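Q: Attaching a predicted model along with its sequence, questions to come.
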Amino acid sequence: MYSISLGDDGAELSPLEPWQAEEFLAHIDRGREFIGQHNGLPDIVTDLASSRAFLQAYADRTATDTGRIHGIRTSGTLVGAVIFRRWEIEQGTAEAGCWLEPAAVGKGLVTRAVRTIIDWAVEERGIHRVEWWVSAENTPSIAVARRLGMTKEGVLRESYLYRGKRHDQEIWSVLAPDWRAGRQAAAADR
């Protein structure tokens, strides 16, 4: 299997596939409460069968070119993931998402991983617009959107019912020309 380095700290990004269901379940179990604060995944992935089914659904999305999932690993251990939850190649749009277990928080892993998949989406696949939908209460995820140079486009008030409570969702995005300009500016600053 291939992996992409996320920096000098040994962190890597690599595809997640159904045969890794046991490892994926162990990762979710380590972060179940933390991940579940803003993400319904721990309510879906509860045992080996549901873990395999979740990864199979993304394998099917990969096969039909409608989504992707990649794991974030540190020292060989799966600690998080980034996804293209929605991938509409004909429209040139995608929606990225992520999660981490608690031990991996605060190391810039999500920002680096999402930057990697957005680069690929824009430069290799011709995606024009990448969206980031986030609970208005999820300040770490909003900080990622800001670090990636995304623009906040609006708030869908009380649009998401999660665990019995209505949440506002913020929609952030970056367009391919803005993404490229931001990457060029960052390269010029080095």
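A: Nice, thanks for sending it over.
Q: Which strands or helices does the lowest-mean-pLDDT helix or strand in the chain pack on?
A: Every helix and strand of the chain was ranked by mean pLDDT, DSSP states H and E. The lowest is helix 176-189, at a mean of 87. Packing partners of helix 176-189 (3 or more Cβ pairs under 8 Å, 6 or more residues apart in numbering; DSSP states H and E): helix 109-123. The way it works is simple: take the backbone N, C-alpha and C, and place the C-beta from them, glycine included.
Q: So for the helix it packs on, what gets flagged as buried?
A: The neighbour-count check on helix 109-123 (16 or more other Cβ atoms under 10 Å) flags 109-118, 121-122 as buried.
Q: and what of stretch 56-65?
A: Result for stretch 56-65 [16+ other Cβ under 10 Å]: buried residues 58-59, 61-62.
Q: Quick one: residues contacting Asp178.
A: 149, 151 (Cβ atoms under 8 Å, 6 or more residues apart in numbering).
Q: give me that answer again for 7 Å
A: Asp178 sits next to Gly149 when contact means Cβ atoms under 7 Å, 6 or more residues apart in numbering.
Q: One more: Asp43?
A: Gly36.
Q: What is the subsequent helix or strand relative to the helix or strand hosting it?
A: If you go by DSSP states H and E, Asp43 is part of helix 41-44. Moving toward the C-terminus from helix 41-44, the next helix or strand (DSSP H and E) is helix 48-63.
Q: Tabulate the buried residues of helix 109-123 (TSV), appending pLDDT and distance to Ala145.
A: Below are the buried residues of helix 109-123 laid out as TSV (pLDDT from 0 to 100; distance: Cβ to Cβ, whole Å):
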residue	pLDDT	distance to Ala145
Leu109	95	15
Val110	95	10
Thr111	95	10
Arg112	95	14
Ala113	96	14
Val114	96	9
Arg115	95	12
Thr116	96	16
Ile117	96	14
Ile118	97	11
Ala121	97	15
Val122	97	16
